[in-house]
Every structure is written in C-alpha cells, then in structure tokens.
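Novice: Compute the structure for the input listed below.
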Amino acid sequence: MDLHELAWAAGFFDGEGYVGYSLHPKKLSACVAQTNEELLTRFRHAVGGLGQIYRIKVRAAHHRPCWQWRVTRTEHVQAVVALLWRFLGPVKRAQAKTALLTWQTQPDARYHLLPDQVQLIRNSQQTATELHKNLLGIVSRAQISRIKHRKSHKRLNTSALSVPTQSRHS
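Specialist: Residues are numbered from 1 along each chain as shown. The predicted model follows:
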C-alpha cells in the first residue's frame, strides 16, 4: 500500500467524505460524492479496492453528472477508517468516532465492535500511528474470523489491510 496515496485519500475524504450511522436502514456507512469519477476511482484504489462507485441520478438538467463511492459493510467501513486514521483531521476523526460508537451501542447491530476497538477509539491519548496500527490489527483479525465462518461470501482481500512500516506522521 502506497503511504502517499493513503495520505492523499485521507485528505480527499477529510474534505469531501462522510462516515456515519443511519437509523433507516440501520447501518454504518462511509461515502464520498464527486463530479469527477476518476478521483473516486483513485480513492477506491487507495483504500484497497473497498466500496463501490455508483452514478447518482441528476436532479436537474443544469447539474453535472455525479458519482458516489460508498461502503456499507461494517467490516469495510472499519477498515477504511483504520487505513485513513493517521492522516485524518480532527473533525473527520470525531465524525468517525461518533459513528463507530453510535453503531456499537445499537442493540440490533449485526456485528458489534470488539471491546478492544471501543477502548482504542475512546482513548484519544494514543498517537495516531499507534491507533492506526492497533485498529488495523483488530479489524483484520475480526474480518478474517468472520470470513472463515461465512463460507458462502466472497473472501476479503486482506493484503489491502497491511500496515505501513514507516510513518512520517505520528
């Protein structure tokens, strides 16, 4: 995984993206809307190919075509947040924390965050690099475990979840 592409993707997501929990339907999701489909393709590639790109219906004749990258599988949202975490600004980090903790407290959530993940997210004293590595490790282990138990689902490309060895940011 290219660290520079992850930094670019985090900046792009910081300015254009959204991560949240919706009540109808009850799900965790992350999305970025954009009139430039190539930027969304670059973003999707930077986050390991997670999510899909959809064309959004044009609301008025004078509007330009618009596309949206979206990820709604809980494990994939967690992975995207973990991948981008070290480069995200404080506003998007707070948005991600709120979404993850809100989702985790829902009694009917399909999967709950692991207790280790909740503790890491709540612990704002941890450096960005440490939190990123720890979240990635927990997400990767949880995804691999869930995938092994769901034989009918496609296997997740876990190579996209590798942790960069060096970081210029901490």
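Novice: and the strand ranked longest in the chain, what does it pack onto?
Specialist: Identified as the longest strand of the chain according to DSSP state E is strand 26-34. Applying 3 or more CB pairs under 8 Å, 6 or more residues apart in numbering; DSSP states H and E, we find strand 26-34 packed against helix 3-16, strand 17-23, helix 37-46, strand 66-71, helix 74-84, helix 90-104. In this view, the C-beta of every residue, glycine as well, is placed from N, C-alpha and C.
Novice: any chance of these in a markdown table, with mean neighbour count too?
Specialist: Formatted as a markdown table, the helices and strands packed on strand 26-34 follow (neighbours: other CB atoms under 10 Å):
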| stretch | mean neighbour count |
| --- | --- |
| helix 3-16 | 17 |
| strand 17-23 | 17 |
| helix 37-46 | 17 |
| strand 66-71 | 20 |
| helix 74-84 | 25 |
| helix 90-104 | 17 |
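Novice: Quick one: closest of the ones you listed to residue 55.
Specialist: Of all these, strand 66-71 sits nearest to residue 55, with 5.5 Å by CB to CB.
Novice: what residues does the longest strand of the chain touch?
Specialist: Identification of contacts with strand 26-34 by CB atoms under 8 Å, 6 or more residues apart in numbering yields 12-13, 16-22, 40, 43, 51, 56, 66-72, 74, 77-78, 80-81, 99-100, 103, 106, 108-109.
Novice: Would you indicate which residues of it are buried?
Specialist: Buried positions in strand 26-34, judged by neighbour count with 16 or more other CB atoms under 10 Å: 27, 28, 29, 30, 31, 32, 34.
Novice: ok, so of those, who is nearest residue 47?
Specialist: Nearest member of those to residue 47, counting by CB to CB, is residue 30, at 9.2 Å.
Novice: Tell me which residues touch the closest residue to the closest one other than its chain neighbours, please.
Specialist: The shortest distance from residue 30 to any non-neighbouring residue, by CB to CB, 6 or more residues apart in numbering, is to residue 19 (4.2 Å). With contact set as CB under 8 Å, 6+ apart, residue 19 has these partners: 28, 29, 30, 77, 80, 81, 92, 95, 96, 99.
Novice: Kindly recompute the last result at 7 Å.
Specialist: Neighbouring residues of residue 19 by CB atoms under 7 Å, 6 or more residues apart in numbering: 30, 77, 81, 95, 96, 99.
Novice: quick one: which two of the residues you listed are the most distant?
Specialist: Farthest-apart pair in the contacts of residue 19 is 77 and 95; separation 12.1 Å (CB to CB).
Novice: who's residue 33 bridged to?
Specialist: residue 68 (DSSP bridges).
Novice: Give me the pLDDT value at it.
Specialist: Looking at residue 33, its pLDDT reads 95.
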